[in-house]
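*Asks:* sequence and predicted structure, then a few things I'm wondering about:
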Amino acid sequence: MKSAPIDKQVFWPALLVVVGAIVPLVALPERSGAFLDLIFGFITHNLGFLFLWFTVAALGMLLWFAFGKYGRVRFGGEDAVPEFRYLSWIGMLFCAGIGTSLLYWATIEWVYYYQAPPFGIAPESAEAAHWAAMYGLFHWGPMAWALYCIPALPIAYAFHNRKIPFLRISQACRGVIGDRADGPLGKLIDVLFIFGLVGGTGTSLGLGTPILSESISTLTGIARTFALDAFVIVVWTAIFGTTVYLGMEKGIKRLAEANVYLGFFLLAFVLVFGPTIFILDTFTNSLGLLATNFLRMSLYTDPVGGSGFPQTWTVFYWAWWIAYAPFMGLFVARISRGRTIREVVGANLVWGSLGCWLFFATFGNTALHDQLNGTVPVIKIMNEVSPQAAIVAVVNALPMGTFILILFVAMAFIYSATTLQASAYTIASVASRDLVAGESEPLRWNRLFWALALGGMAVALMYLGGLKPLQTMSLIVALPLIVVISLSVWSFLRWLKEDQAGELKPGKKGD
C-alpha cells in the first residue's frame with residue numbers, strides 16, 4: 001500500500017497545538033486548572049440541557065438513517081467490498097472506542113451511584129444498589145455510542161463515496177461550507193478535533209496506567225513507584241508505537257482480534273466462576289429499570305432538587321463522548337469501506353453497547369456482590385486507598401485470582417494500546433494529503449511520531465499535574481464540536497439527496 005505524504009499546513013499547526021496546550025498547563029498547572037474547571041462548571045450547569053438534547057437527537061437521527069430509505073447506501077459504492085472481516089471490523093471499532101476506561105468504570109462506577117444516588121434515593125439502600133447497577137449501562141449504552149457513530153457517517157461518505165482525499169472532519173462539512181473546508185474555517189474545525197482527541201487520549205492513559213501499575217504491584221510484590229509507572233508506560237508506548245508503525249492491517253487489526261478473544265474468555269470465566277445467579281439477576285433487573293426509565297434519564301436535569309447528579313455524571317459523560325466523537329468518526333470511517341449505513345449504525349449501537357454492558361454486568365455486579373456479601377470491602381478500599389486498589393482486589397478475589405489478574409493486565413495493555421495507536425493513526429491521517437481509500441496510508445514515520453507524541457505528552461501531563469485540566473479542556477471543546485458535528489450531518493443529508501436525485505453520481509467529488 002502506498003504512503004500518503006504529510007500535509008504541512010495541517011501537520012505543523014497540529015504539532016504547535018499540542019505543544020501550546022501543554023506549556024501553560026505545565027507552567028501554571030494550578031491557575032490553569034482552576035480556570036478551566038470554572039469554565040467547565042459553567043458549561044455543565046448552564047448548558048447541560050444542550051448536551052442532553054443533542055444526544056437524544058443523535059440517537060434519533062441514527063435510527064432514521066438506519067431504517068429509512070438511506071439504510072442500504074454502501075460506503076464506497078454499490079460494488080465496494082469490505083476491507084476487513086466482520087469480526088475484525090467489530091473488534092477494531094469496539095477496542096478503539098473504549099480502552100482501559102471501560103475496565104476502570106465497569107468495575108467501580110456503581111460505587112459512586114450507590115453512595116450518592118439520583119432522584120432523592122437513600123444512599124446505600126437496596127434501591128440505591130438497583131440504580132447503581134443500572135446507571136452505568138445508560139452512560140455506556142446506545143446514547144453514548146450514538147455520539148460516536150453520528151460523525152462517522154458523513155466522514156465515511158465524504159471519503160469513500162465523494163472521493164474527497166482527506167480523512168478529516170472538516171471535509172465532512174464540505175456539503176455545507178463548500179471550499180471553506182480547505183481554508184481557515186476547515187483548519188479551525190480540525191484543530192478542535194485535535195484538542196478533543198488529545199484530551200481523550202490523555203484521560204485514557206491517566207486511567208489505565210494506575211490500574212496496570214497496581215496490578216503488577218500485587219502480582220510481583222514490587223511497591224508502586226514512579227519507576228514502575230514509567231516501566232508500564234515504556235512497554236505501553238512500545239506496543240502501540242509498533243502497531244501504528246506496522247499499519248492498519250498488521251497492527252490494529254491483530255491487536256483488536258486478540259483482545260476480542262481475550263475479553264470473551266474473561267467475561268465467560270467471571271460469569272461461570274463468579275456469582276453467576278447474582279450477575280444474571282442483577283443484569284436482567286438493570287435492563288428492565290433502564291427500559292422503563294430511559295427517557296427520564298435522557299432528559300434529567302434536576303432543576304428543583306439541585307443535586308448536581310446529571311451535571312456531574314450524564315452531562316460530563318456526553319461531553320466526554322462528544323469530545324472523542326470526531327476521532328471515532330474518522331477511525332470508523334477509515335475501516336468501514338464496503339459497509340452499509342445500516343451496518344455501521346447497527347455495529348455501534350448494538351455491538352458497542354452490548355460489549356460495554358457485558359463488562360458492567362460481569363465485573364461491576366461481581367464487585368457489587370463482593371461488597372454486599374462482605375467478600376471484599378470495595379467501598380472501604382476505594383475510599384481509603386484508591387479506586388485502582390479496589391479493582392485489583394475484586395479481580396484477585398476470583399477463583400484462580402492471580403491467573404485472572406495476569407489476563408486482566410494483558411487485556412488492559414491491549415485495550416489502551418489499541419485506543420492510543422488508533423488515535424495516533426487518525427491524527428496522522430488528518431495530517432496527510434492525497435489519502436486514497438484502500439490504496440494508501442499515512443507515512444510510517446508520521447504514524448510513529450504521533451504515537452510517541454501522544455504517549456509522551458499524556459505521561460508528562462499526568463506526572464506534572466496537568467492531566468485533569470486537559471481532560472476538562474477536552475470537555476470544553478465538546479461545546480463547539482456540537483456545531484461541527486451538526487454541520488457534518490447537514491452536509492451528509494445534502495449529499496444523500498443530491499446523489500439519490502442523480503444531480504451528482506456517487507463516487508465523484510462535489511461541494
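*Replies:* Received, thanks.
*Asks:* any idea how far V111 is from I277?
*Replies:* 22 Å (Cβ to Cβ, to the nearest Å). Backbone N, C-alpha and C define where each C-beta goes, glycine included.
*Asks:* I misspoke; the intended subject was V484.
*Replies:* Per Cβ to Cβ, V484 is found 47 Å from I277.
*Asks:* which one of those two has more residues nearby?
*Replies:* V484 (23 against 8; other Cβ atoms under 10 Å).
*Asks:* helix/strand/coil for that one?
*Replies:* helix (DSSP: H, G, I helix; E, B strand; the rest coil).
*Asks:* for it, which non-adjacent residue is closest in space?
*Replies:* Closest residue to V484 apart from its sequence neighbours, by Cβ to Cβ, 6 or more residues apart in numbering: I189 at 5.4 Å.
*Asks:* okay, buried residues for the one helix or strand the one you found maps to please.
*Replies:* Using DSSP states H and E, the element containing I189 is helix 184-220. For helix 184-220, a neighbour-count test (16 or more other Cβ atoms under 10 Å) marks 186-187, 189-218 as buried.
*Asks:* and the average pLDDT for it is what?
*Replies:* Here helix 184-220 scores 79 as its mean pLDDT.
*Asks:* need the pLDDT of L504.
*Replies:* 48.
*Asks:* any low-confidence regions in the stretch 351-500 of the chain?
*Replies:* Applying pLDDT under 70 to the stretch 351-500 of the chain flags residues 436-438, 458-471, 473-474.
*Asks:* could you rerun that using 80?
*Replies:* 413-422, 425, 434-441, 451-477 (pLDDT under 80).
*Asks:* where do the helices sit along it?
*Replies:* Assigned by DSSP state H, counting those that start in this stretch, the helices in the stretch 351-500 of the chain fall at 353-359, 365-373, 378-384, 387-396, 401-430, 444-464, 467-501.
*Asks:* what's the closest of the ones you listed to H160?
*Replies:* Taking Cβ to Cβ, helix 467-501 is the member of the helices of the stretch 351-500 of the chain nearest to H160, at 11.7 Å.
*Asks:* of the helices of the stretch 351-500 of the chain, which approaches N259 most closely?
*Replies:* Using Cβ to Cβ, the nearest of the helices of the stretch 351-500 of the chain to N259 is helix 401-430, at 4.4 Å.
*Asks:* buried residues in the closest one?
*Replies:* By 16+ other Cβ under 10 Å, the buried positions in helix 401-430 come out as 401, 404-405, 407-430.
*Asks:* re earlier: need the helices of the stretch 351-500 of the chain in TSV (columns: distance to A66).
*Replies:* Shown next, in TSV, are the helices of the stretch 351-500 of the chain (distance: least, Cβ to Cβ, whole Å):
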stretch	distance to A66
helix 353-359	14
helix 365-373	30
helix 378-384	39
helix 387-396	36
helix 401-430	24
helix 444-464	32
helix 467-501	13
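*Asks:* and the spatially closest residue to G99 that is not a sequence neighbour, what does it touch?
*Replies:* Spatial nearest neighbour of G99, chain neighbours left out: T419 (3.5 Å); criterion: Cβ to Cβ, 6+ apart. With contacts defined as Cβ atoms under 8 Å, 6 or more residues apart in numbering, T419 is in contact with C95, A96, G97, I98, G99, T100, T201, S204.
*Asks:* now with 6 Å?
*Replies:* Applying Cβ atoms under 6 Å, 6 or more residues apart in numbering to T419 gives the contacts A96, G99, S204.
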